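Engineer: I would like the atomic coordinates for the input below:
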Amino acid sequence: MSYITTGERIGYERGKQEQGQTLVLRQLQKRVGELRQEVQGRIQTLSLEQLEALGEALLAFTAIEDLFNWLEANQAVH
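Structural biologist: The predicted structure follows:
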């Protein structure tokens, strides 16, 4: 049985977070077009759970306003 250190666990979690951000940002750009730096920054502050929820919600987005509305409704919730 192998054990992981706290540092390894933190690195693993950060990696999952970064992968989630990259995937959601790419999907959003395909769905609603190029995203401003400010919007990308807001998405990068989301928790992994919020990124997963956004990944599901973006399937119904048709315009950038849908993303803005989602961020307003969900970004403060952690």
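
Engineer: L71 versus R42, what's the distance?
Structural biologist: Separation of R42 from L71 (C-beta to C-beta, to the nearest Å) stands at 6 Å. The C-beta positions use only the backbone N, C-alpha and C, and glycine is treated the same way.

Engineer: joint contacts of the two?
Structural biologist: By C-beta atoms under 8 Å, 6 or more residues apart in numbering, R42 and L71 have no common neighbours.

Engineer: is the residue nearest the centre of the chain in a helix, a strand, or coil?
Structural biologist: For the chain, L51 is the residue whose C-alpha lies nearest the centre (C-alpha atoms, centre = their mean; 3.4 Å). Three-state assignment for L51 (DSSP: H, G, I helix; E, B strand; the rest coil): helix.

Engineer: quick one, helices of this protein?
Structural biologist: For the chain, helices defined by DSSP state H occupy the ranges 6-32, 37-44, 48-57, 64-74.

Engineer: tabulate the ones you listed (a markdown table), appending mean pLDDT.
Structural biologist: Supplementary listing: the helices of the chain in a markdown table, determined by pLDDT from 0 to 100:
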| stretch | mean pLDDT |
| --- | --- |
| helix 6-32 | 87 |
| helix 37-44 | 94 |
| helix 48-57 | 94 |
| helix 64-74 | 95 |
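
Engineer: tell me, how many residues neighbour the nearest residue to W70 once chain neighbours are set aside?
Structural biologist: Leaving aside its sequence neighbours, W70 sits nearest to A57 (C-beta to C-beta, 6 or more residues apart in numbering; 5.5 Å). Neighbour count of A57, defined by other C-beta atoms under 10 Å: 16.
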